[in-house]
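S.K.: The sequence isn't on hand, but the structure is:
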């Protein structure tokens, strides 16, 4: 079964603090995405991680991928209020002999940064 | 600028009525997808299409139908068989940077 689990599901943190969101998945994949969603809005692409050991950084966010551990992390450094949003990871799985790619989303982590 | 356009932004459906959500992309992407998002939940795949004139059921296809007659267009019909259609619907297509999402359609049953 293709499963993607994020934790925590809800995170309230003060400005200036650091924290990490975790994304675990159930079976082999070498492609993972992170998205941000503001309330009532669509999803905005943050990172595409394509190989084991991939690390990408944009501003106060840094994402990494460990395909052997089936784990990706999204690290937040010195959080600011503007980072308040829901963050989703999405994992690409190849299904069946036809090579179809299926993307499974985590349930999301709602981040609230308190000034 | 290339992107995905979903319309309408808000849609109200009466009981027993079929409604169609529009999704158009000018990104030249082959694959397109429809997702449903319920409050406080992640995204669940309804249908996807890897190529024109072909589409596959996702995890929650019951009560929905799609067509893919043109590369640019992937409309979703919510039929009367879908008993709980109130949700936020997102259309997406895939390219090098992963999924590009439309702005979404919020469907409410009245």
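M.R.: All right, it came through fine. Computed from a predicted structure; not experimentally measured.
S.K.: For the rest of this, base every contact and every neighbour count on C-alpha atoms.
M.R.: Will do.
S.K.: Go ahead and confirm residue A:3 touches residue A:28.
M.R.: No: the pair residue A:3 and residue A:28 does not pass the contact test of Cα atoms under 8 Å, sitting 10.9 Å apart.
S.K.: Give me the below-cutoff pLDDT ranges for chain B.
M.R.: B:1, B:97 (pLDDT under 70).
S.K.: Look at residue A:3 and residue A:28 and report which has more neighbours.
M.R.: residue A:28 (15 against 12; other Cα atoms under 10 Å in any protein chain shown).
S.K.: Which strand or helix spans residue 94?
M.R.: Reading this off chain A. Residue A:94 belongs to strand A:85-95 when elements are defined using DSSP states H and E.
S.K.: hm, I was asking about chain B
M.R.: Here residue B:94 is covered by strand B:87-95, with elements defined by DSSP H and E.
S.K.: cool, and residue A:107?
M.R.: If you go by DSSP H and E, residue A:107 is not part of any helix or strand.
S.K.: Was I right to think it contacts residue A:3?
M.R.: No: Residue A:107 is not in contact with residue A:3 according to Cα under 8 Å; the separation is 10.3 Å.
S.K.: Residue B:96 versus the residue nearest to residue B:83 when sequence neighbours are not counted, what's the distance?
M.R.: Ranked by Cα to Cα, 6 or more residues apart in numbering or on different chains and with sequence neighbours excluded, the top spatial neighbour of residue B:83 is residue B:63, at 7.7 Å. Distance, residue B:63 to residue B:96, using Cα to Cα, to the nearest Å: 32 Å.
S.K.: Over to residue B:47?
M.R.: Applying Cα to Cα, the value for residue B:47 to residue B:96 is 21 Å.
S.K.: Check residue B:58 too.
M.R.: For residue B:58 relative to residue B:96 (Cα to Cα), the value is 22 Å.
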